[in-house]
Structures are given as C-alpha cells and as structure tokens.
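Trainee: this one's structure only:
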Ligand SMILES: NC(=O)c1ccc[n+]([C@@H]2O[C@H](COP(=O)([O-])OP(=O)(O)OC[C@H]3O[C@@H](n4cnc5c(N)ncnc54)[C@H](OP(=O)(O)O)[C@@H]3O)[C@@H](O)[C@H]2O)c1
C-alpha cells in the first residue's frame, strides 16, 4: 500500500508504494483511510525532536476512513486510562511508536473509531481529532473558559490555536490573537476575533500598556522568550494554559509576576477519551467546521510537511489518501 514512512534519522520521511497492508489482530479493525491531517508533532518527529522515536513507522495521528461502509474518524489516544487528570504511563499517540494514518490502511482498536459527524466533509473531519482534542481540553477542561471571558490565543496560525479560536467563539468568549503574519491576523478577525498583534514586529511595551491585566485566559504553544509578555497580559486571577514548546525553554521569569496577580499556569497535553467525546459533541452541537488550509495527495506529502515546517498554513493541512 501507499504510505509516508519515517525510515530513520539518516533517511528521514519517504513516500513508498510498497508498505505492507497491516494484519488485523483481535479487538482491532481495518480502516481504509480516506484523508489524514498533519500536526506539528509529525514535523518534530522527522527532525528527531520528539521523545521515543522509532525507525520504520508510518506517521500520522489524524485520519478519517471507511469501516463497514461507513465513514469513521479515529481517536488518536492510545491507553490514556481512566483518570481525567493525566494519562496512564502506557499512554501513546497514534503515529509513533505505532503506525499512523498516512497510509491507505490502518488497524486500530475498535473502540478508537467513531462515526464521522454528518455536518463535516471527509477533509474537515480528518482535521479535527488531535487539534480539536488539545484545544478542547486547553480551553475547557483545564482553562475553564466561560462566556464573555477575554481570551488571548498566541500564534493563531497553529492548527490547535485556530481550533481554539473557533471553540472559544462558540461559547461567546472575546478572543484576541497574535501571529507572525498580518494576513493571518486579518483572517482570524474575519472569523470573529476582536483584534490581533504581530508578535514579531509589535512593541511589547506599548501592548502591555494597552492590554496589560486584560485576559482571563491565555492559550500558548510557543513558550520561549515571549512567554514573559503573556504574564503581563494576564488579568489578576488569570489562567495561562500551555500545551507546546515551539520556541523552547521559558527564560527566567520573575516570580512576582505570577504570585502578585494570583496567576495559574496550567499544563495540558492531548486529552482524555472523555474530553474526546465531549469535544465531538461540542463540535456537532455548534456545527463547527475546522478550517482547511490545503489538501495534498498522499504522494505529495513531503510538500505538505515543508508547508507546515515553514509556518505557511492557516488551517489544517490535509493529505488525501483514497
Ligand atoms: N501537548 C500536546 O498535546 C500538543 C498537541 C498539539 C500540538 N502541540 C505542540 O504545540 C505546538 C503547535 O502545534 P500545531 O500542530 O498547532 O502546530 P502548527 O499548526 O505547525 O503551528 C505552529 C504555529 O506556532 C506559532 N508560533 C511559532 N513561533 C511562535 C512564537 N514565537 N510566538 C507565538 N506563536 C508562535 C506560529 O503561528 P503564526 O503562524 O500565527 O505565527 C505557527 O503557525 C507544537 O510545538 C506542537 O508540538 C502539543
């Protein structure tokens, strides 16, 4: 079968027409994949910047496919466990170390599949699982977002960030964004964000003057040098939820900035199976349609990876498989 295979650190990611069709084990089902979506995780893996990388693994955490004549989407969680607070020690994410969705066929445990919400196209549904789950838990399970609260989403070009914008708007929050691109800020405003700042060119001292102590909830996946600005944007009693480290280590932060304002800094990663079910119900109830950036045929998967690596996308990058 056709697949995008992470071969090794030396050989990187390769398209192959000769991957083996997986053998179905007890409790599993064989899914004929129709579309899959990229996440930054896939890019980190190809660069060797992810824990537990194994050679010769088909990448991909998000997929929609056909099972017994019906379109189903796949929950990328494997063995989260029963706690709502954190995953079990056996936890992993589909697409490393187990084979993922960038292939014509995949086997997954039967309880990992759910029917595709009927208001979504195949591509929209493929965009949803990992980013939707992460955004949902960040905003609601961890961030406890409520109607009319003010939210700042850092780096709106991100797949999770954009999903968070759509979800936050659906509950009546007031959303502000940042981006490296003025064009992405305009697009976010046209979706319902109130305003945005370009984190590359903005004068932070001015932003802090106008927006300091403003935000009830801040959603961040960048970390790094810019994190200190977020502490200043947060309102007294505010919550900052972090789910990524794109810009690396957060340099020294004065504790006074955190304790004086009674801030909560909350970590989140993926989400429980309960979060996944809640997210799907939320998306279905609010008829939310994930934004699609571009659709590439599986064969052109390497181009799709480049687009994500270069941060060109606004919306999810999709691979069309069958
Ligand atoms: N823990 C989890 O469960 C989980 C789940 C999903 C993702 N993540 C992590 O979260 C990050 C984003 O993932 P993704 O799949 O959404 O990636 P993505 O779609 O590739 O988005 C990355 C975005 O990060 C933004 N960014 C880069 N540098 C920034 C900075 N200095 N300040 C603010 N924003 C910055 C950019 O936004 P602009 O284009 O607007 O500048 C870029 O588009 C990655 O590090 C990923 O590994 C973690």
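Mentor: Looks like it came in fine. Computed from a predicted structure; not experimentally measured.
Trainee: and residue 80, what's its pLDDT?
Mentor: If you check residue 80, the pLDDT there is 98.
Trainee: neighbours of it, how many?
Mentor: Around residue 80 there are 22 other residues, counting by other CB atoms under 10 Å. Every residue, glycine included, has its C-beta placed from N, CA and C.
Trainee: near the ligand, which residues of the stretch 101-250 of the chain show up?
Mentor: 134, 154-161, 178-181, 184, 199, 221-222, 224, 226, 243-247 (CB under 6 Å from any ligand atom).
Trainee: which of the residues you listed are buried?
Mentor: Buried by 16 or more other CB atoms under 10 Å: 134, 154-161, 178-179, 181, 184, 199, 221-222, 226, 243-245, 247, out of these.
Trainee: so which of the residues you listed belong to strands?
Mentor: Those of these mapping onto strands are 178-179, per DSSP state E.
Trainee: rewinding a little: of the residues of the stretch 101-250 of the chain next to the ligand, which belong to helices?
Mentor: Per DSSP state H, helices hold the following members of those: 134, 159-161, 184.
Trainee: TSV for those, including pLDDT and distance to residue 71?
Mentor: Shown next, in TSV, are these (pLDDT from 0 to 100; distance: CB to CB, whole Å):
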residue	pLDDT	distance to residue 71
134	98	23
159	97	21
160	98	24
161	98	27
184	98	30
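Trainee: and the residue nearest the centre of the chain, what does it touch?
Mentor: Compute the mean C-alpha point of the chain, and by CA atoms, centre = their mean the closest residue is residue 131, 2.7 Å away. Each residue near residue 131 by CB atoms under 8 Å, 6 or more residues apart in numbering is listed here: 37, 39, 62, 159-160, 162-163, 290, 316.
Trainee: in a strand, it, correct?
Mentor: No: going by DSSP: H, G, I helix; E, B strand; the rest coil, the assignment for residue 131 is helix, not a strand.
Trainee: what's stretch 101-108 in contact with?
Mentor: 1-4, 19, 21-25, 28-33, 36, 42, 58-63, 65, 74, 94-95, 99-100, 298, 301, 319, 321-322.
Trainee: please repeat the previous calculation with a cut-off of 6 Å.
Mentor: The contact list for stretch 101-108 (CB atoms under 6 Å, 6 or more residues apart in numbering) reads 1-4, 21-22, 24, 28, 30-33, 36, 58-60, 63, 74, 321.
Trainee: need the contact partners of the helix or strand containing residue 207.
Mentor: If you go by DSSP states H and E, residue 207 is part of helix 204-211. Here helix 204-211 makes contact (CB under 6 Å, 6+ apart) with 197, 229, 232-233.
Trainee: filter those residues down to the ones in helices?
Mentor: Per DSSP H, these map to helices at 229, 232-233.
Trainee: between those residues, which is closest to residue 259?
Mentor: residue 232 (14.2 Å; CB to CB).
Trainee: excluding chain neighbours, what is closest to the closest one?
Mentor: Leaving aside its sequence neighbours, residue 232 sits nearest to residue 208 (CB to CB, 6 or more residues apart in numbering; 4.7 Å).
Trainee: neighbours of the one you found, how many?
Mentor: Neighbours of residue 208 under the rule other CB under 10 Å: 15.
Trainee: anything in stretch 315-322 near the ligand?
Mentor: No: remark: stretch 315-322 sits outside contact range of the ligand, by CB under 6 Å from any ligand atom, the gap being at least 7.6 Å.
Trainee: what do you get for stretch 72-83?
Mentor: No: applying CB under 6 Å from any ligand atom, one finds stretch 72-83 separated from the ligand by no less than 9.8 Å.
Trainee: give me the buried positions along that stretch.
Mentor: 72-78, 80.
Trainee: got the end-to-end distance for that stretch?
Mentor: Start and end residues of stretch 72-83 are separated by 26 Å (CA to CA, to the nearest Å).
Trainee: same thing with stretch 91-106?
Mentor: First-to-last residue span, stretch 91-106, CA to CA: 19 Å.
Trainee: stretch 251-270 now?
Mentor: Stretch 251-270 has an end-to-end distance of 25 Å (CA to CA).
Trainee: just the residues contacting that stretch, thanks.
Mentor: Counting by CB under 6 Å, 6+ apart, 133-134, 137-138, 142, 228, 231, 234, 236-243 sit against stretch 251-270.
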